[in-house]
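> Predicted coordinates and the sequence they were generated for:
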Amino acid sequence: MGAHLEGADLSGAYLEGAYLMGAHLEGADLSGAYLKGADLKGAHLEGVENLSIEQLSEVKTLYEVELDESLHTLVKERDLTLFEKPD
């Protein structure tokens, strides 16, 4: 069970190393959020606003994440390991 943060304004939030496994972030605003090392395993990120490929490239894992197809494709092009099962 993950946190329910649908539509939350997380712009500028400092979420380094945050444990967001299974979190529901649909429609949340993540502009400028710092996500380095955040664990997003199984998180629901469909429709997230202002989330960049740069932010996603710094997270710990995107294993089993539900992500908009356009962002999924960009991440896969940049770093396939983020979608692999973490150790």
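Happy to help now that I have it.
> which helix is the longest one in this protein?
For the chain, the longest helix by residue count, based on DSSP state H, is helix 69-78.
> Show me what that one is packed up against.
Using 3 or more Cβ pairs under 8 Å, 6 or more residues apart in numbering; DSSP states H and E as the contact criterion, the elements in contact with helix 69-78 are helix 53-56. Where C-beta positions appear, they are placed from N, C-alpha and C, glycine not excepted.
> Now the helix it packs on: buried residues?
Residues of helix 53-56 classed as buried: Q55, L56 (neighbour count, 16 or more other Cβ atoms under 10 Å).
> Ok, stretch 3-12 next?
Counting neighbours by 16+ other Cβ under 10 Å, the buried set in stretch 3-12 is L5, A8, L10.
> try stretch 73-81
Of the residues in stretch 73-81, L74, V75 count as buried by neighbour count, 16+ other Cβ under 10 Å.
> for the record, mean pLDDT for that stretch?
Taken as a whole, stretch 73-81 has a mean pLDDT of 83.
> Next: stretch 46-66.
Per-residue pLDDT values across stretch 46-66 average out to 94.
> Just the endpoints, please. Distance across it?
6 Å (Cα to Cα, to the nearest Å).
> Give me the buried stretch members for that stretch, please.
Applying a neighbour-count criterion of 16+ other Cβ under 10 Å, one finds V48, L51, Q55, L56, V59, K60, T61, L62, Y63, V65 buried in stretch 46-66.
> Tell me the gap between it and the middle of its chain.
Here the centre of stretch 46-66 is set off from its chain's centre by 3 Å, with Cα atoms, centre = their mean, to the nearest Å.
> contact partners of that stretch?
With Cβ atoms under 8 Å, 6 or more residues apart in numbering as the test, stretch 46-66 has contacts from 11, 17, 25-33, 35-45, 67-68, 71, 74-75, 78-79, 82-86.
> Quick check: helices, which of those residues are part of them?
Taking DSSP H as the definition of helices, these contribute L71, L74, V75, R78.
> Leaving out sequence neighbours, find the closest residue to the third one.
For V75, ignoring the flanking residues on the chain, the nearest one in space by Cβ to Cβ, 6 or more residues apart in numbering is L56 at 5.3 Å.
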